[in-house]
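Q: Structure here, sequence nowhere to be found:
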């Protein structure tokens, strides 16, 4: 009998494996499946929490808009529940986007930038709800708006001073929040996340600007009102019928004397009365000389040609000192549109000649109709002085709804029609704090958006700009095929509504017949301000290549200027084609000169990268045209010399 060995007696599986041996493949399959399941679970966890957080924050945005409207209008009804709901939503979103799992996934390429950007945006919103809203909510319950309006020719300083600690706390908080959103890097985010982050960042910036503006006013008003001793403030009323960067020429400069809250209406001076100075009242920078001409600082009418109102304030202070020997503590500016806002609060006012001045006619009467009534500039100035005095008296003896009065001031600040400058450094630091629009109309840029500023200055030496209707379109697009440079288009249209030949319009309004073929043609200087490093590579005026001036002032901006003509009934269009720095945001933030009427703007929209044959080549091998612009245009010297 044949005996089988132990080895022979062991049954074998197909393929030669012995029965009972371990096959590792099913285990690895389970491991792989487990890892995939875990990753899917993590992804699902992140997505669900992200969607909930997004809905919480985006759902808070209309509530923030309501809260903003209430603050601007001076109302406090319903403030507490709105603030509470916004805070709950922000806290929920912050908690959902800051747990350890969320933070761990932030390091994953492709996914991480989206999570980081959204978490940082949620954190900025939470900074406002946690640190800025509580002091504001506390104030809302104690606020008696009637104490903040002028009565009997004076403003009670004590209630304003009582607001200072809470608003300083809120102001510091919104400044921190604005710095948080400025540091967010949206590059690498998908459109759905990037768009939501940008919306949240916009809300934070708007809130920061609003609270910073209110804080600035509250911190500096007591001093300006003479809380620590008599003060002298010059109030400029800009005339938007003759455009300058922050609105128009100072049509009137009014000396206000304040002491312990009492305000007295002093001398009123027009540009003609101020006259021409022999030389600029302050040394001009090279950039100022190139952009605004040697006459900047020589005429009061040109003090507001710069979008930096702090500089305008310094110029006006120096002029007042030289002409009248009076030391000015502060300069404040409004325009007739702000007067119309105030008239909504005061109601109609009757002037000595029987004219009724109200919110519906103030702008047209003061910026256009007065020049039809009176040919003599002296009579025009007198009428303007009477109207200003009447509005001043109504404001200083206010007896209407305090909410309407405070709302008028808030609307003027929000519309970039109220500016302030203080000669006292500690006050000016507050006025110029981040987010505040009181000190400047210059654009701001950060990692989220690129800032552009477009400003207009009249060269006609007249009040012809009443008949101009400007509009703006600005858009940007990323262009990988152009080395990663973003491409922008800034399109300015100016339509003239002047009758043919200026028929029926006084000479004072249409201006002198110099260097114009057709009576009623407006001459305008347009300025474009954007971040340093950006370059206009082509300028088209009515589709024709046009040389422009370029100036680098060394302040982080680059500035361009071009002179334009608007014939009666015609529309002039200037297109600036711009290359930005590599990686600069294509989202656009825009500021512009406030005009007498509407100034429609369109931001964003569809824009294609330029075709290769549409871009002039420069001296860099033709890879990208980033050369400096050509042919400097003349400054304002010739226009202002005759004013």
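A: Yep, it's here. Remember, it's a predicted structure, so these values are computed and weren't measured experimentally. Residues are numbered from 1 along each chain as shown.

Q: For the stretch 301-450 of the chain, just list every one of the strands.
A: Ranges of strands within the stretch 301-450 of the chain are 330-334, 349-350, 356-357, 419-422, 450-458, based on DSSP state E, counting those that start in this stretch.

Q: Please work out which residues outside the fourth one touch it.
A: With C-beta atoms under 8 Å, 6 or more residues apart in numbering as the contact definition, strand 419-422 has outside contacts at 216-217, 220, 223-224, 246, 309-310, 312-314, 329-333, 428, 431, 438-439, 441. The way it works is simple: take the backbone N, C-alpha and C, and place the C-beta from them, glycine included.

Q: Ok, stretch 432-440 next?
A: Residues outside stretch 432-440 that contact it (C-beta under 8 Å, 6+ apart) are 171, 174-175, 178-179, 205, 208-209, 211-213, 215-217, 307-310, 413, 416, 418-421, 428, 431.

Q: Produce a PyMOL select command limited to the buried residues of those.
A: In PyMOL, this line selects whichever of the contacts of stretch 432-440 come out buried by 16 or more other C-beta atoms under 10 Å:
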select buried, resi 171+174+175+178+179+205+208+209+211+212+213+215+216+217+307+308+309+310+413+416+418+419+420+421+428+431
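
Q: Please narrow the contacts of stretch 432-440 to those residing in helices.
A: Counted as lying in helices by DSSP state H, out of the contacts of stretch 432-440, are 171, 174-175, 178-179, 205, 208-209, 211-213, 215-217, 309-310, 413, 428, 431.

Q: Contact partners for residue 335?
A: Neighbour list for residue 335: 237, 238, 239, 240, 247, 248, 417, 594 [criterion: C-beta under 8 Å, 6+ apart].

Q: Can you report phi and psi for it?
A: Main-chain dihedrals, residue 335, degrees, to the nearest 10: phi -140, psi 170.

Q: measure it to residue 595 for me?
A: Look at residue 335 and residue 595: by C-beta to C-beta, to the nearest Å, they are 9 Å apart.

Q: which residues are common contacts for those two?
A: Residues touching both residue 335 and residue 595 by C-beta under 8 Å, 6+ apart: 240, 247.

Q: burial count for the residue nearest to residue 373 when sequence neighbours are not counted?
A: In space, and not counting its chain neighbours, residue 373 is closest to residue 383: 7.3 Å by C-beta to C-beta, 6 or more residues apart in numbering. Residue 383: 21 surrounding residues under other C-beta atoms under 10 Å.

Q: Over to the one 10 residues further on?
A: With neighbours defined by other C-beta under 10 Å, the count for residue 393 comes to 14.

Q: Could you measure from it over to residue 264?
A: As for residue 393, its distance to residue 264 is 11 Å (criterion: C-beta to C-beta).

Q: related to what we said a few turns ago, take the contacts of residue 335 and keep only those in helices.
A: Per DSSP H, those never map to helices.

Q: so which of these comes closest to residue 469?
A: residue 240 (12.4 Å; C-beta to C-beta).

Q: Give the burial count for that closest one, as a bare number.
A: Residues near residue 240, counting by other C-beta under 10 Å, number 27.

Q: Then residue 353?
A: When neighbours are defined as other C-beta under 10 Å, residue 353 has 8 of them.

Q: list the contacts for it?
A: Shown in contact with residue 353 (C-beta under 8 Å, 6+ apart): 383, 386.

Q: Please apply the same query to the one 3 residues further on.
A: For residue 356, the contact set (C-beta under 8 Å, 6+ apart) comprises 348, 349, 350.

Q: repeat that for 10 Å
A: Applying C-beta atoms under 10 Å, 6 or more residues apart in numbering to residue 356 gives the contacts 348, 349, 350, 365.

Q: out of these, which is most surrounded?
A: Neighbour counts for those, by other C-beta under 10 Å, peak at residue 365, which reaches 21 neighbours.

Q: ok, it to residue 380 distance?
A: Taking C-beta to C-beta, one finds residue 365 at 12 Å from residue 380.

Q: any residues in contact with both of these two?
A: The contact sets of residue 365 and residue 380 overlap at residue 373 (C-beta under 10 Å, 6+ apart).

Q: one step back: ok, of the contacts of residue 335, which one's closest to residue 445?
A: Nearest to residue 445 among those is residue 594, at 20.9 Å by C-beta to C-beta.

Q: wouldn't that closest one be in contact with residue 416 here?
A: Yes. Contact criterion C-beta atoms under 10 Å: residue 594 and residue 416 qualify, at 5.3 Å.

Q: Quick check: neighbours shared by those two?
A: By C-beta under 10 Å, 6+ apart, residue 594 and residue 416 have these common neighbours: 246, 247, 441.

Q: Would you mind putting these into JSON lines with distance to residue 460 and neighbour count alongside?
A: Output for the shared contacts of residue 594 and residue 416, formatted as JSON lines (distance: C-beta to C-beta, whole Å; neighbours: other C-beta atoms under 10 Å):
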{"residue": "246", "distance to residue 460": "19", "neighbour count": "25"}
{"residue": "247", "distance to residue 460": "17", "neighbour count": "31"}
{"residue": "441", "distance to residue 460": "22", "neighbour count": "22"}
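
Q: Which of the residues you listed sits closest to residue 575?
A: Set against residue 575, the nearest of the shared contacts of residue 594 and residue 416 by C-beta to C-beta is residue 441 (22.6 Å).

Q: Now do that closest one against residue 288, distance only.
A: Residue 441 is 16 Å from residue 288, by C-beta to C-beta.

Q: can you check residue 306 too?
A: Distance of residue 306 to residue 288, given as C-beta to C-beta: 7 Å.

Q: Overlap in contacts, those two.
A: Both residue 306 and residue 288 are in contact with 296, 315, where contact means C-beta under 10 Å, 6+ apart.

Q: Below-threshold pLDDT in the stretch 1-150 of the chain: ranges please.
A: Counting by pLDDT under 70, the stretch 1-150 of the chain shows low-confidence ranges at 1-80, 82-83, 90, 93-94, 96-99, 101-108, 110, 140-142.

Q: go on, the stretch 301-450 of the chain?
A: In the stretch 301-450 of the chain, no residues with pLDDT under 70.

Q: 80 instead?
A: Within the stretch 301-450 of the chain, the segments meeting pLDDT under 80 span 434-435.

Q: all helices in it, in order from the N-terminus.
A: Assigned by DSSP state H, counting those that start in this stretch, the stretch 301-450 of the chain shows helices spanning 309-324, 336-346, 362-364, 370-373, 377-396, 402-414, 425-431.

Q: Endpoints of stretch 361-370, how far apart?
A: 11 Å (C-alpha to C-alpha, to the nearest Å).
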